[in-house]
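Asks: Turn this into a structure:
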Amino acid sequence: MDAGIWRTADLEVRDGRFTQIADPGDLAVEGSVDRVDLAGKYVLPGLIDCHVHVYAMTANLGELEITAPSYATMHAARLMGDMLDRGFTTVRDTGGGDHGLADAQAEGLLRGPRLFFGGKSLTQTGGHGDSRGPGQRLSHAAPCCAGLGTIADGPDAVRLAAREQLRTGAHHLKIMAGGGVASPTDRVDSIQYSSAEMRAAVEEASDANRYVAAHAYTPGAITRALEAGVRSIEHANLLDDASADAVAGADAFVTMNLVTYWALDEFGASMGLPPASQAKVADVLEAGERALRLAHEKGLNLCFGTDLLGGMQVHQSKEFEIRARHQSALDVIRSATSTAARLLQREGELGVIRDGALADLVVLDGDPLQDITILSSPDPALVVQGGRVVLDRSTR
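Replies: This is a model prediction of the structure:
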């Protein structure tokens, strides 16, 4: 049963996975079991956010470079717990998230979504991941700090930085292929990293049976990344017909993050976004919704992502509402379930309700196909992760 099939059913879960799905009353359950009556409720697979930054406790990313890891970890634990309460049982961190958080979550030390991490994003000097102002000479970025990126110039340095992230168990690599909003010295319309540098990262990821995600807004950045073998395009706000066709031809994935531009426009200044970054928001705000419509029309592999920073992360679920302006509710739900699972290379294991899949569930009081705001203003009755009830409001 994927996000597109809705019917009445009984579900059996054993050892954290779905073992039987049958018509009501048809399950032959042996032995003592816990039973949960969800009559009248609506059940979805656990939601997946494919673009988060769990260490981003502030919109001023430069501050993370001098923040104690212990302090940042406490914030990350709070942010991840909040995500789980909204129904996100799995997230992909695209800059900063690390093996420590992933291991702590997997071992039950940290309450939060299952974490797919890429470690530090790779950036060129003056690129989107370089948080230094124009007057700063040295970067504070180091493996011990909470910063989201690391600077690597030239194919050999990129190769070394990629191997360093993969050494920690990264599920993917992230490169900065173009300019961005939250960086102080680059332009949104710039292309970053040469083809040779991108290919070095892709080669290292491929050799480790991993993949590369690229931060890219412009057609030029998108196309160069795809030609180098990048599998996942992040943002793509300035997507045009030609670059959309290139994405389709590569069977790549696109993770847009429209809510973050809405939030930066509304709250960025009060949340620590520097003035230089505030001035860039307008460049990508309206363009993002146009790009979403184009990507949908072209039938691209669209994944759900949010990319929110600091206190703006409370608006994570508003992404559903924004996307529903341009896509059907079912397509939006698929972007946060089955399509997202394909991006994470966990097809059939995450984002679906079927025999053998991990037992992640979100139980709702209403039907999100009829009213998507049920998801955009989340108040799930029950959240189940790996067969464990991690949030229960079902008796209200």
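Asks: Residue 230: what secondary structure?
Replies: What DSSP: H, G, I helix; E, B strand; the rest coil gives for residue 230 is coil.
Asks: elements contacting the helix or strand harbouring residue 292?
Replies: Using DSSP states H and E, residue 292 sits in helix 281-297. Judged by 3 or more CB pairs under 8 Å, 6 or more residues apart in numbering; DSSP states H and E, helix 281-297 is in contact with helix 241-250, strand 253-256, helix 258-267, strand 301-304. For glycine as for every other residue, the C-beta is placed from the backbone atoms N, C-alpha and C.
Asks: hmm, try it at 7 Å
Replies: strand 253-256, helix 258-267 (3 or more CB pairs under 7 Å, 6 or more residues apart in numbering; DSSP states H and E).
Asks: what comes up buried for that helix?
Replies: Neighbour-count burial for helix 281-297 flags 281, 283, 284, 285, 287, 288, 289, 291, 292, 294, 295, 296 (criterion: 16 or more other CB atoms under 10 Å).
Asks: With stretch 381-395 instead?
Replies: Across stretch 381-395, burial judged by 16+ other CB under 10 Å covers 381, 382, 383, 384, 385, 386, 387, 390, 391.
Asks: likewise stretch 372-383?
Replies: Result for stretch 372-383 [16+ other CB under 10 Å]: buried residues 372, 374, 375, 376, 378, 380, 381, 382, 383.
Asks: And the contacts of it?
Replies: 41, 84, 86-87, 89, 317-318, 320-321, 324, 329, 332, 362-366, 368, 389-394 (CB atoms under 7 Å, 6 or more residues apart in numbering).
Asks: Could you tell me which of those residues count as buried?
Replies: With burial judged by 16+ other CB under 10 Å, the buried subset of these is 41, 84, 86-87, 89, 317-318, 320-321, 324, 329, 332, 362-364, 368, 390-391.
Asks: Keep only those of these that are in strands.
Replies: Members of the buried ones among the contacts of stretch 372-383 lying in strands (criterion: DSSP state E): 89, 362, 363, 364, 390, 391.
Asks: And residue 283, what's its pLDDT?
Replies: What the model reports as pLDDT for residue 283 is 70.
Asks: buried stuff in the lowest-mean-pLDDT helix or strand in the chain?
Replies: Sorting the helices and strands of the chain by mean pLDDT, DSSP states H and E puts helix 275-278 at the bottom, at a mean of 73. For helix 275-278, burial by neighbour count (16+ other CB under 10 Å) applies to residue 277.
Asks: chain center to that helix: distance?
Replies: Offset of helix 275-278 from its chain centre (CA atoms, centre = their mean, to the nearest Å): 24 Å.
Asks: same question, stretch 381-396
Replies: 22 Å.
Asks: Next one: residue 379 from residue 393, what distance?
Replies: 7 Å (CB to CB, to the nearest Å).
Asks: no no, residue 332
Replies: 23 Å.
Asks: do the same with residue 175
Replies: In terms of CB to CB, residue 175 sits 41 Å off from residue 393.
Asks: Likewise for residue 247?
Replies: When residue 247 is compared with residue 393 (using CB to CB), they lie 39 Å apart.
Asks: for residue 263, same thing?
Replies: Taking CB to CB, one finds residue 263 at 26 Å from residue 393.
Asks: just residue 45 next, same as before
Replies: 19 Å.
Asks: Where do the helices of the stretch 1-150 of the chain begin and end?
Replies: 61-64, 69-85, 99-106 (DSSP state H, counting those that start in this stretch).
Asks: can you list the domain ranges for this protein.
Replies: Listed domain ranges for the chain are 10-44+353-392, 45-343 (source: automatic domain parsing).
Asks: weakest of these by average pLDDT?
Replies: Minimum mean pLDDT among the domains of the chain: domain 10-44+353-392, a mean of 87.
Asks: if I pick residue 232, what's in contact with it?
Replies: 211, 213, 252, 253, 255, 343 are the contacts of residue 232 under CB under 7 Å, 6+ apart.
Asks: what's the straight distance from one end of stretch 60-78 to the other?
Replies: Using CA to CA, to the nearest Å, the end-to-end distance of stretch 60-78 comes to 18 Å.
Asks: hang on, isn't residue 252 packed against residue 233?
Replies: Yes: with contact defined as CB atoms under 7 Å, residue 252 counts as touching residue 233 (6.1 Å).
Asks: of those two, who's got more company?
Replies: Taking neighbours as other CB atoms under 10 Å, residue 252 and residue 233 compare with residue 233 leading, 30 against 22.
Asks: Report the spatially closest residue to that one, excluding sequence-adjacent ones.
Replies: Here the nearest residue to residue 233 in space, its sequence neighbours aside, is residue 254; by CB to CB, 6 or more residues apart in numbering that works out to 4.9 Å.
Asks: Would you agree that neighbour is in contact with residue 294?
Replies: No: with contact defined as CB under 7 Å, residue 254 does not reach residue 294; the gap is 10.3 Å.
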